[in-house]
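Chemist: Predicted model and sequence below, questions to follow.
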Amino acid sequence: MNTNNHYQSASLYVGDLHPSVTEAILFELFKSVGPVFSIHVCRDAVTRRSLGYAYVNFNNAVDAERALDTLNYTPIRGKPCRIMWSYRDPSMRKSGQGNIFIKNLDKSIDNKVLFDTFSSFGNILSCKVVTDTKGNSKGYGFVHYENQESAEQAINKVHGMLLANKIVFVGVFVPRRERVSAADPDKFTNLYVKHLPVSWTDADLKTEFEKYGTVQNAVVMRSDSNESKKFGFVNFEKHEDSTKAIEATHGKVKFGNAEKEAYVARAQKRGEREQVLKKMKDERAQKYQGINLYIKFLDDSIDDAKLREHFQEFGHITSCKVMKDEKGNSRGFGFVCYESPEEASRAVQQMHSALIAGKPIYVSLAERKDMRRSKLEAQYAARRMANTGIMGGPNVYSVFYSQQPQRGPGGAYVAPPAYPGMVPRGAPRGPWGAAPGMAGQGANRPPFVGGGYMGVGTGHPGAQRGPRQNNRGGQQRAQGQGGQPGQPGAGGNYTNNKFRYTPNARNQQSGAQNAGNNGAKGENNYSVSSVSLTSGALANADPQEQKLILGESLFPKIRAIEPARAGKITGMLLEGFDAKQLLQLLDSQELLQEKIEDAKNALLEAAESGRDEEFEG
């Protein structure tokens with residue numbers, strides 16, 4: 001190799017290295033050529049992983065030149081290396097002088113074949129076929145000559161010639177900053193064509209478009225199994241020919257036996273195309289903001305016509321669609337779009353939770369997926385902060401459905417205690433309202449017990465609601481059970497003789513003396529079996545107590561269907577629905593099963609995205 005003295009040195013650049021290649025491996029390879037002065041594999045400063053290239057320094061330039069001639073493209077750990085002279089001054093490389101661009105290369109052409117093909121026109125400083133992450137050729141490459149004359153000679157001799165049975169394009173390399181913008185509508189020549197017949201080849205595509213002008217190259221994109229992807233690219237020599245082809249074919253003809261009409265447009269870079277699609281998506285979302293409704297929990301019998309029939313009384317509907325899968329079956333949700341926000345708002349108010357085909361539906365304004373996801377994440381974060389005590393301290397009146405339910409008198413299920421010392425609803429009570437064996441355990445209550453999902457409730461209905469005690473009496477309460485009624489030393493729930501119990505309320509008891517002498521008969525047991533779960537029966541309870549009562553009925557039903565996650569799912573349903581909707585779940589086994597599936601999917605999605613801790617108590 002006759003290299004110019006200006007670039008000749010004793011330092012070589014070795015690229016395309018396997019990540020596992022080390023200095024020792026390179027030394028074993030290059031020492032056979034001559035004495036090696038030093039070797040350095042370039043690595044990431046943080047991870048220390050190889051960047052895929054290295055520098056090998058010899059004691060003299062003769063040995064370096066011999067290594068370049070004999071070892072270039074030698075496989076190292078199964079991957080051919082690429083060797084070139086190392087320059088301290090990057091001006092030659094950045095100037096682009098002597099650099100040519102080759103495209104439409106066959107997949108079989110690698111660095112070595114490309115080097116052997118173009119080396120006859122002059123001294124090559126660098127030669128590379130661009131590959132993807134799997135090492136497959138992308139069909140184009142670069143050759144950098146020592147001087148511009150060699151580059152021009154290669155262009156004149158090889159451009160338009162057959163190379164591995166494919167006509168290649170060879171031209172002067174143009175840096176990215178100097179290229180004509182693909183967005184310029186006055187200068188583009190490359191077209192994107194889709195809806196092509198499966199049987200079409202590159203030659204068929206080129207023949208089809210040659211009637212509109214000179215085609216430099218045409219390619220049909222194919223999969224790894226060599227099956228047509230039904231789209232390709234056509235590059236004309238002149239811009240006028242490309243516009244003529246678009247006007248004559250786009251949406252007007254069918255190529256061969258294709259099922260759809262041709263789509264022909266200016267080819268765009270991926271980044272530009274993504275920006276255009278994002279802009280279109282934003283404009284569309286803005287256009288339908290406040291007038292597009294999202295409806296879910298639709299029965300399988302509901303189609304577009306029936307959905308329109310139920311919603312047309314609220315205003316003029318511009319579009320109505322029930323989403324279907326690839327088999328034509330309903331996916332259980334759809335969209336209804338009105339002309340004005342007022343009509344959409346009226347439909348949401350009237351139709352949310354309404355029964356259609358025997359199922360209560362969910363109706364809300366449609367939101368973009370990314371906005372809905374960010375809103376849900378914000379809600380989960382706020383709920384998690386509240387549950388862990390960041391916002392206002394721990395919530396000691398929260399109800400956990402993570403433990404096994406207990407059975408009270410009559411065999412009815414009762415909720416487990418939220419913390420030690422709390423008496424489960426329906427469980428027998430000892431002296432002073434405490435459960436047998438629990439005296440003295442209420443001094444210091446840990447804020448949370450169990451790892452299940454926490455549903456926000458109120459003080460347990462089974463626990464008496466006396467004035468709160470501070471922790472200073474904890475030591476006395478822990479020492480014994482001999483305190484008088486109403487005194488801290490009693491060890492159970494603190495009762496005050498001046499506290500007035502409202503008749504017919506949930507805290508009613510048969511009397512303080514009965515509570516002290518007969519724990520089993522001390523107060524009314526509000527088990528699920530003794531309460532009729534209707535809107536009328538729940539009217540006297542506050543919203544949080546309603547959730548608690550309904551939760552005790554839901555938990556056994558959910559546990560029978562999904563025992564592993566019954567606690568989490570119960571809490572999620574209590575959080576997400578009001579009392580009326582929860583009653584509907586209790587009345588409809590099918591609807592309850594559907595909600596359980598939705599909750600399981602939400603838990604699975606959270607686990608896959610690393611947010612499963614948001615569902616933990």
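Modeler: In hand now; what should we look at? Residues are numbered from 1 along each chain as shown.
Chemist: Ile591 contacts Tyr362, correct?
Modeler: For residue 591 the amino acid is Leu, not Ile. No: with contacts counted by C-beta atoms under 8 Å, Leu591 stays clear of Tyr362, the gap being 11.3 Å. In short, each C-beta sits where N, CA and C put it, glycine included.
Chemist: what residues are shared contacts of those two?
Modeler: Here Leu591 and Tyr362 have Phe297 as joint contacts, going by C-beta atoms under 8 Å, 6 or more residues apart in numbering.
Chemist: I'd like to know the average pLDDT value across the helix or strand containing Ala566.
Modeler: Using DSSP states H and E, Ala566 sits in helix 566-576. Averaged across helix 566-576, pLDDT comes to 84.
Chemist: buried ones in it?
Modeler: Going by neighbour count (16 or more other C-beta atoms under 10 Å), the buried part of helix 566-576 is Ala566, Gly567, Lys568, Ile569, Thr570, Gly571, Met572, Leu573, Leu574.
Chemist: just checking, what packs against it?
Modeler: On a contact count with 3 or more C-beta pairs under 8 Å, 6 or more residues apart in numbering; DSSP states H and E, helix 566-576 meets strand 454-455, helix 543-561, helix 579-587, helix 589-608.
Chemist: buried set for whatever helix or strand Val363 lives in?
Modeler: Secondary structure assignment for Val363, by DSSP H and E: strand 362-365. If you call a residue buried by 16+ other C-beta under 10 Å, then strand 362-365 has these buried ones: Tyr362, Val363, Leu365.
Chemist: Low-confidence bits of the stretch 151-300 of the chain, can you list those?
Modeler: Applying pLDDT under 70 to the stretch 151-300 of the chain flags the ranges 177-186.
Chemist: Please give the number of neighbouring residues around the residue nearest to Asp299 when sequence neighbours are not counted.
Modeler: Once flanking residues are discounted, Asp299 sits nearest to Ala357: 3.7 Å by C-beta to C-beta, 6 or more residues apart in numbering. Ala357 is flanked by 12 other residues according to other C-beta atoms under 10 Å.
Chemist: May I see the buried residues of stretch 219-232?
Modeler: For stretch 219-232, the neighbour count (16+ other C-beta under 10 Å) marks Val219, Val220, Ser228, Lys230, Gly232 as buried.
Chemist: what is the rounded mean pLDDT of the helix or strand just after the strand holding Val363?
Modeler: As assigned by DSSP H and E, the chain's next helix or strand after strand 362-365 is helix 369-387. What helix 369-387 shows for mean pLDDT is 78.
Chemist: Mind listing what's buried along helix 369-387?
Modeler: For helix 369-387, the neighbour count (16+ other C-beta under 10 Å) marks Tyr380, Arg383, Arg384, Ala386, Asn387 as buried.
Chemist: Packing partners of that helix?
Modeler: Helices and strands touching helix 369-387, as assessed by 3+ C-beta pairs under 8 Å, 6+ apart, are absent.
Chemist: could you check the angle helix 566-576 makes with that helix?
Modeler: Angle, helix 369-387 to helix 566-576, by axes from the mean of the first three to the mean of the last three C-alpha atoms, to 10 degrees: 110 degrees.
Chemist: Helix 369-387 vs helix 589-608, what angle?
Modeler: Here helix 369-387 runs at an angle of 90 degrees relative to helix 589-608 (the same axes, to 10 degrees).
Chemist: For helix 369-387, list the C-alpha coordinates in CSV.
Modeler: Provided in CSV are the C-alpha atoms of helix 369-387 (Å, rounded to 0.1, in the frame of the first residue of the first chain):
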residue,chain,number,x,y,z
LYS,A,369,-54.0,7.8,26.1
ASP,A,370,-51.0,9.7,27.3
MET,A,371,-53.1,12.3,29.1
ARG,A,372,-55.2,9.6,30.7
ARG,A,373,-52.1,7.6,31.8
SER,A,374,-50.5,10.7,33.4
LYS,A,375,-53.7,11.5,35.2
LEU,A,376,-54.0,8.0,36.6
GLU,A,377,-50.4,8.0,37.7
ALA,A,378,-51.0,11.3,39.5
GLN,A,379,-54.0,9.9,41.2
TYR,A,380,-52.1,6.8,42.3
ALA,A,381,-49.2,8.9,43.6
ALA,A,382,-51.6,11.1,45.6
ARG,A,383,-53.4,8.1,47.0
ARG,A,384,-50.1,6.5,47.9
MET,A,385,-48.9,9.6,49.7
ALA,A,386,-52.1,9.8,51.7
ASN,A,387,-52.0,6.2,52.7
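Chemist: So Ser150 sits against Asn123, correct?
Modeler: Yes: using C-beta under 8 Å, Ser150 is in contact with Asn123, at 6.9 Å.
Chemist: between those two, who's got more neighbours?
Modeler: Relative neighbour count places Ser150 above the other of Ser150 and Asn123, with 21 against 15, counting by other C-beta under 10 Å.
Chemist: And for the more buried one, nearest residue in space, chain neighbours not counted?
Modeler: Excluding its sequence neighbours, the residue lying closest to Ser150 (C-beta to C-beta, 6+ apart) is Gly122, at 2.5 Å.
Chemist: ok, that neighbour - how many residues close by?
Modeler: Gly122 has 19 nearby residues by other C-beta under 10 Å.
Chemist: what residues are up against it?
Modeler: Going by C-beta under 8 Å, 6+ apart, Gly122 touches Tyr145, Glu146, Asn147, Glu149, Ser150, Ala151, Gln153, Ala154.
Chemist: Then Ala262?
Modeler: Ala262 makes contacts with Val193, Lys194, His195, Thr249, His250, Gly251, Lys252, Val253, Lys254, Phe255, as judged by C-beta under 8 Å, 6+ apart.
Chemist: Determine which two of the residues you listed are furthest apart.
Modeler: Across the contacts of Ala262, the longest distance by C-beta to C-beta is 14.5 Å; it joins Lys194 and Lys252.
Chemist: where in the stretch 351-500 of the chain is pLDDT low?
Modeler: 387-500.
Chemist: on that earlier part again, tell me which entries of the contacts of Gly122 lie within helices.
Modeler: Judged by DSSP state H, these include Glu149, Ser150, Ala151, Gln153, Ala154 as members of helices.
Chemist: Closest to Ala203 out of the buried residues of stretch 219-232?
Modeler: Nearest to Ala203 among the buried residues of stretch 219-232 is Val220, at 9.4 Å by C-beta to C-beta.
Chemist: what's the closest non-adjacent residue to that closest one?
Modeler: Leaving out its chain neighbours, the residue that sits closest to Val220 by C-beta to C-beta, 6+ apart is Gly232, at 4.1 Å.
Chemist: Toward the C-terminus, what is the element adjacent to the helix or strand that the one you found is a member of?
Modeler: According to DSSP H and E, Gly232 maps onto strand 228-236. Downstream of strand 228-236, the first helix or strand assigned by DSSP H and E is helix 239-249.
Chemist: Give me the buried stretch members for that following helix, please.
Modeler: His239, Asp241, Ser242, Thr243, Lys244, Ala245, Ile246, Thr249.
Chemist: ok so Phe142 is a strand residue?
Modeler: Yes: with DSSP: H, G, I helix; E, B strand; the rest coil as the criterion, Phe142 is part of a strand.
Chemist: Please report how far it lies from Ala366.
Modeler: Per C-beta to C-beta, to the nearest Å, Phe142 is found 49 Å from Ala366.
Chemist: So for these two, which sits in the more crowded spot?
Modeler: Legend: neighbour count by other C-beta under 10 Å for Phe142 and Ala366, higher for Ala366 (18 against 15).
Chemist: Now for that one: which residues touch it?
Modeler: With contacts defined as C-beta under 8 Å, 6+ apart, Ala366 is in contact with Tyr288, Asn292, Leu293, Tyr294, Phe335.
Chemist: That's all I had, so thanks and see you.
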